[in-house]
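Visitor: The following block contains a protein sequence and its predicted model.
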Amino acid sequence: MSGHSKWAGIKHKKAIVDAKRGKIFSKLSKEISVAAKMGGGNPDMNPRLRLAVEKAKGVNMPSDNIKRAIMKGTGELPGTNYEETVYEGYGPGGVAIMIEVLTDNKNRTVGEIRHIMARHNGNMGEAGCVAWMFHKKGYILVDKKAVGEDELMSLALDAGAEDFKSDPGEENYEIITAPEEFNRVKEFLEQKNIPLTLAEITMIPQSYVKLEARDAEKMLKLMEALEDHDDVQNVYANFDIPDDIMAKSG
């Protein structure tokens with residue numbers, strides 16, 4: 001899990017930095033609007049919306065922006081009609097990649113994603129070519145300095161978590177849940193005043209591809225280019241990259 005943990009931590013830090021420039025707000029607005037459109041505008045009754053709003057608050061997105069995004073989703077304000085789609089492909093070294101997109105123009109977006117992949121030694125694949133390598137899971141990171149391992153493991157498993165990991169050399173404990181148990185575990189830990197470094201629904205690979213040197217650097221550049229695209233909401237990949245190379249990306 002080390003590859004997933006490190007990249008998740010780096011992405012979280014980048015989101016906070018990007019928020020200072022307002023860069024991430026448009027992506028969060030899209031997700032909030034789509035979540036509200038699909039499941040209604042009340043976060044208490046709509047888990048996907050609740051998670052999107054919490055993410056937005058986590059990067060200090062103004063509450064007016066959040067409210068407007070919800071109203072666009074429910075139709076109270078005029079908004080853009082976004083389609084959800086997933087693209088799949090391969091990166092340097094044969095790394096499997098899944099790209100979640102919200103777009104108002106699929107033809108434009110797929111052309112741009114294909115161009116990014118080709119430019120960074122990757123290629124698009126057919127639908128389903130790598131999806132089988134990933135499992136949808138709830139994923140929570142907790143700083144090791146915040147709580148003892150035995151205490152957190154006991155709390156997490158009691159709350160319904162599937163797995164708990166404490167890899168040597170990692171800054172965070174990892175807690176894995178079934179998607180439907182994610183909110184329950186998250187809220188239980190919050191009630192116990194456990195500070196969460198990260199809490200999200202994600203796609204976790206079944207296995208990892210170890211990358212070294214040049215392929216590792218190419219892969220990180222590809223990830224950054226994909227995540228920088230306005231229509232890309234999430235990118236998942238099964239790479240495992242040495243700490244020193246990963247640290248440069250952070």
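Guide: All right, it came through fine.

Visitor: where in the protein is pLDDT low?
Guide: Scanning the chain with the threshold set as pLDDT under 70 gives 1-3, 5-6, 12-21, 249-250.

Visitor: residue contacts, Leu141?
Guide: Residues counted as contacts of Leu141 (C-beta atoms under 8 Å, 6 or more residues apart in numbering) are Ser5, Ala8, Gly9, His12, Asn172, Tyr173, Glu174, Ile175, Leu196, Thr197, Leu198, Ala199. From N, CA and C alone the C-beta is placed, and that goes for glycine too.

Visitor: Let's see if you can find the most crowded of the residues you listed.
Guide: The residue in these with the most neighbours, by other C-beta atoms under 10 Å, is Ile175 (29 neighbours).

Visitor: if we look at the sheet, which residues does that one bridge to?
Guide: Beta bridges link Ile175 to Ile140, Phe164, judged by DSSP bridges.

Visitor: That one contacts Glu181, doesn't it?
Guide: No: in this structure Ile175 lies outside contact range of Glu181 using C-beta atoms under 8 Å: 10.5 Å.

Visitor: any chance you could map the helices in this structure?
Guide: For the chain, applying DSSP state H gives helices covering 2-20, 25-39, 47-58, 63-74, 106-119, 149-159, 182-191, 213-228, 243-249.

Visitor: Which neighbouring elements make contact with the shortest one?
Guide: Think helix 243-249. helix 2-20, helix 213-228 (3 or more C-beta pairs under 8 Å, 6 or more residues apart in numbering; DSSP states H and E).

Visitor: what's near enough to touch the residue lying closest to Lys27 once chain neighbours are set aside?
Guide: With sequence-adjacent residues excluded and distances taken as C-beta to C-beta, 6 or more residues apart in numbering, Lys27 is closest to Gln233, at 6.1 Å. Gln233 sits next to Lys27, Lys30, Glu31, Glu100, Val101, Leu102 when contact means C-beta under 8 Å, 6+ apart.

Visitor: distance of Gln233 from Lys30?
Guide: 7 Å (C-beta to C-beta, to the nearest Å).

Visitor: Common neighbours of the two, please.
Guide: Shared contacts of Gln233 and Lys30 (C-beta under 8 Å, 6+ apart): Leu102.
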